[in-house]
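Chemist: predicted model follows, preceded by the sequence.
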Amino acid sequence: MTSSVLPLAEKGESPTGESPVVAHLKDYVARLRGGDTGAMPAVLGLVVLCTAFSIMRPRFLSAGNFANLFTQGAAVTVIAMGLIFVLVLGEIDLSAGFASGVCAAVLAVLLADHGWPWYLAVLAALVVGAVIGLVLGVLVAKVGIPSFVVTLGAFLAFQGVVLLLVKGGTNVPVRDSTILAISNRNLAPIVGWLLAAATVGGYAALQLRRNRNRSRRGLVAEPIAITSIRVGVLAVAVGLAVFVLNRERSRNVVISSLKGVPIVVPVLVVLLLVGTFVLRRTPYGLSLYAVGGNREAARRAGINVDRVRISAFVICSTMAAVGGIVAASRANSVDSNTGGSNVLLYAVGAAVIGGTSLFGGKGRVLDAVLGGAVVAVIDNGMGLMGYSAGVKYVVTGVVLLLAAGVDALSRRRAEAAGLR
C-alpha cells in the first residue's frame, strides 16, 4: 500500500508508463521546440568546424596545434566569462577589452619598472580592474547613464590610458617566470591525468547529488542512464584531450621536451567552476537572473537592484584584468594594442555564440567557454588554411549573427510557448 503512493519518479516510471529515458528525451525535444536550445548550437557548431578543418588541414588535430588552441583562446574566454555577468542583466560592457589592456599594463610596469614581486603586481592589476568596474557600475546604476554610452566612453578613454602607461607605445617586457608560466608552461603528464580524473569524478558526484536532492523533494530526477551517458561523454572527451596533450610536441626532444596540459587549462577550469557556482548556487546569482529577467519585479521582491548591477560590472572588469594577465603571459610583453584590436569583439561574440542572451535573464559561464572554443577554432583553422584576417573577421561576424539570430528566435518561441 505504501508503494502505491510513492512518486512515479522514485519508481523509475513516467506518468504515461514510458521508461524514464524516453520520457526525458521527449521532454528535451519539447524544450528545444519551445526555444530552450541551451548549448546545443555551440556544440554542434564546434563539432562541424573541427570536422571540416581536420579534413581540409589534417595538421589541425596535431598535438601542437591542439595545445595552441587553448593558449590562443584563453584570454578572450576569460574576458567573456566576466561579460556573462553583465549580459545576464541585459547590459553591455564595451570597455572590457581595453580594461584588460590597462590592467595588463599596470602588471607589466610594476614588474619591469618598479621591481614588484609577481603576487603584488597581480593583486594591483586585479584591484585596478575592480575599481574600473565600480566606476562603470556606479555611472550606470546610480547616475542612470546607459551602459552602452558609459562603456563606449571608457573604451575610448582606456586606449589613452594604455598609451600613457606604456609611454606612448613602447613594448614593456614581462620576464617574471611565474607570470610567463601561465600561458607558456605545461603540467607534468601525471598531473594532467589526475586533473582529468578529478574533473570527471567531481562532475559525476555533482550530478548524482543533484538527482538525489530532486528525488528527496519529490521532483522528477534525471534517469541514471542519462547521467551515465553525460559522465561517459565527459570522460571520453577529457581523456582524449589529456592523451593528445601529453604527447611530445617538441620538434627536437634533445634540446627540450614539450608535453603535458598547458597550465592555463586548470586556470580556466577553476574560473569556470567558481563562476558557475556563483551564478547557479548562490542567492546573488539568483538575484542576477531576477534583475535581468524583470528589473521592476526584482525590486519589488526586495532585491537591491543597484547593488546587483554595480557588482556585475565589478566582476566583469576584474575578470577582464585576469584576461589581461593571461594575454600578457602569452605575449611575454604588453604594448599599446594589448586588449585592443578584435579582443572585445571576440569576447562578446564568444558569450553570445555560447548561448548567452543579449536580452538578459539567460546565460552561463560555460557559454563563454564553448563560444570561446568556437572563436578560437575559427581563427586557428582559417589561419592554417592561409586565409587573410579579413576573411576571418567576415566568417566570425557571420557566426555571431547566426548565434544572435538563434537567440532571438529562441526567445520568440519561448514567449509563444508561455515560458517567458
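Modeler: Everything's here; your move.
Chemist: please make it C-alpha for all contacts and neighbour counts, starting now.
Modeler: Will do.
Chemist: does the spatially most central residue of the chain sit in a helix, a strand or a coil?
Modeler: Centroid-nearest residue in the chain: residue 368, 2.6 Å away (criterion: Cα atoms, centre = their mean). In three-state terms, and counting by DSSP: H, G, I helix; E, B strand; the rest coil, residue 368 is helix.
Chemist: distance of it from residue 184?
Modeler: According to Cα to Cα, to the nearest Å, residue 368 and residue 184 sit 22 Å apart.
Chemist: try residue 252
Modeler: Residue 252 is 17 Å from residue 184, by Cα to Cα.
Chemist: neighbour count winner among these two?
Modeler: residue 184 (18 against 10; other Cα atoms under 10 Å).
Chemist: OK, contacts around the more buried one?
Modeler: 262, 263, 329, 330 (Cα atoms under 8 Å, 6 or more residues apart in numbering).
Chemist: which of those fall within helices?
Modeler: 329, 330 (DSSP state H).
Chemist: which of the contacts of residue 184 sit farthest apart?
Modeler: The largest separation in the contacts of residue 184, counting by Cα to Cα, is between 262 and 329 at 12.4 Å.
Chemist: okay, and the common contacts of the two?
Modeler: Contacts common to residue 262 and residue 329, judged by Cα under 8 Å, 6+ apart, are 182, 183, 184.
Chemist: quick one: those residues as a markdown table, columns for distance to residue 321 too.
Modeler: Formatted as a markdown table, the shared contacts of residue 262 and residue 329 follow (distance: Cα to Cα, whole Å):
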| residue | distance to residue 321 |
| --- | --- |
| 182 | 14 |
| 183 | 15 |
| 184 | 19 |
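Chemist: export those residues to a markdown table and tack on secondary structure, distance to residue 394 and pLDDT?
Modeler: What follows is these, written out as a markdown table (DSSP: H, G, I helix; E, B strand; the rest coil; distance: Cα to Cα, whole Å; pLDDT from 0 to 100):
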| residue | secondary structure | distance to residue 394 | pLDDT |
| --- | --- | --- | --- |
| 182 | helix | 31 | 93 |
| 183 | helix | 28 | 92 |
| 184 | helix | 30 | 91 |
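Chemist: isn't the residue nearest to the centre of the chain up against residue 81?
Modeler: Yes. With contact defined as Cα atoms under 8 Å, residue 368 reaches residue 81; the gap is 5.3 Å.
Chemist: need the residues touching each of the two.
Modeler: Common neighbours of residue 368 and residue 81 (Cα under 8 Å, 6+ apart) are residue 351.
Chemist: any idea how far apart the tips of stretch 182-190 sit?
Modeler: By Cα to Cα, one end of stretch 182-190 lies 18 Å from the other end.
Chemist: okay, now residue 198: neighbour count?
Modeler: 12.
Chemist: distance check, it against residue 190.
Modeler: Counting by Cα to Cα - residue 198 and residue 190 are separated by 12 Å.
Chemist: buried stuff in stretch 131-139?
Modeler: 131, 132, 133, 134, 136, 137, 138, 139 (16 or more other Cα atoms under 10 Å).
Chemist: which ones among these are found in helices?
Modeler: Short answer: the buried residues of stretch 131-139 in helices (DSSP H) are 131, 132, 133, 134, 136, 137, 138.
Chemist: looking at those residues, spot the one nearest residue 226.
Modeler: Out of those, the member with the shortest distance to residue 226 (by Cα to Cα) is residue 133, at 40.9 Å.
Chemist: residue contacts, the closest one?
Modeler: Contacts of residue 133 (Cα under 8 Å, 6+ apart): 310, 311, 313, 314, 315, 316, 317, 318.
Chemist: try 6 Å this time
Modeler: 313, 314, 317 (Cα atoms under 6 Å, 6 or more residues apart in numbering).
Chemist: roughly how far does it sit from residue 300?
Modeler: 26 Å.
Chemist: identify the residue spatially nearest to residue 64, adjacent ones excluded.
Modeler: residue 249 (5.3 Å; Cα to Cα, 6 or more residues apart in numbering).
Chemist: least confident secondary structure element in the protein?
Modeler: Every helix and strand of the chain was ranked by mean pLDDT, DSSP states H and E. The lowest is helix 8-11, at a mean of 42.
Chemist: returning to what we had before: just confirm the residue nearest to the centre of the chain contacts residue 351, I think it does.
Modeler: Yes. Taking contacts as Cα atoms under 6 Å, residue 368 lies within contact range of residue 351: 4.6 Å.
Chemist: name the element residue 84 belongs to?
Modeler: helix 63-88 (DSSP states H and E).
Chemist: and stretch 325-342, which residues are buried?
Modeler: 325-336, 338-340.
Chemist: count the neighbours of the residue nearest to residue 333 when sequence neighbours are not counted for me.
Modeler: Nearest residue to residue 333, sequence neighbours excluded (Cα to Cα, 6+ apart): residue 173, at 4.1 Å. The local packing of residue 173 (other Cα under 10 Å) involves 18 other residues.
Chemist: let me see the mean pLDDT of the helix or strand harbouring residue 27.
Modeler: Residue 27 is part of helix 20-33, with elements assigned from DSSP H and E. Across helix 20-33, pLDDT averages out at 68.
Chemist: beyond it, next helix or strand please.
Modeler: helix 40-56.
Chemist: elements contacting that next one?
Modeler: Judged by 3 or more Cα pairs under 6 Å, 6 or more residues apart in numbering; DSSP states H and E, helix 40-56 is in contact with no other helix or strand.
Chemist: can you tell me what sits against that helix?
Modeler: 60, 354, 374, 381.
Chemist: ditto for stretch 239-252
Modeler: In contact with stretch 239-252 (Cα under 6 Å, 6+ apart) are residues 63, 64, 189, 257, 258, 259, 260, 261.
Chemist: just stretch 71-81 next, same as before
Modeler: Contacts of stretch 71-81 (Cα under 6 Å, 6+ apart): 183, 319-320, 323, 326-327, 347, 351, 365, 368-369, 372, 376.
Chemist: hmm, 7 Å instead?
Modeler: 183, 264, 319-320, 323-324, 326-327, 343, 346-348, 350-351, 365, 368-369, 372-373, 376 (Cα atoms under 7 Å, 6 or more residues apart in numbering).
Chemist: burial count for residue 144?
Modeler: The number of residues near residue 144, taken as other Cα under 10 Å, comes to 11.
Chemist: switch to numbering from 103
Modeler: From this message on, residue numbering opens at 103, which makes the last subject residue 246.
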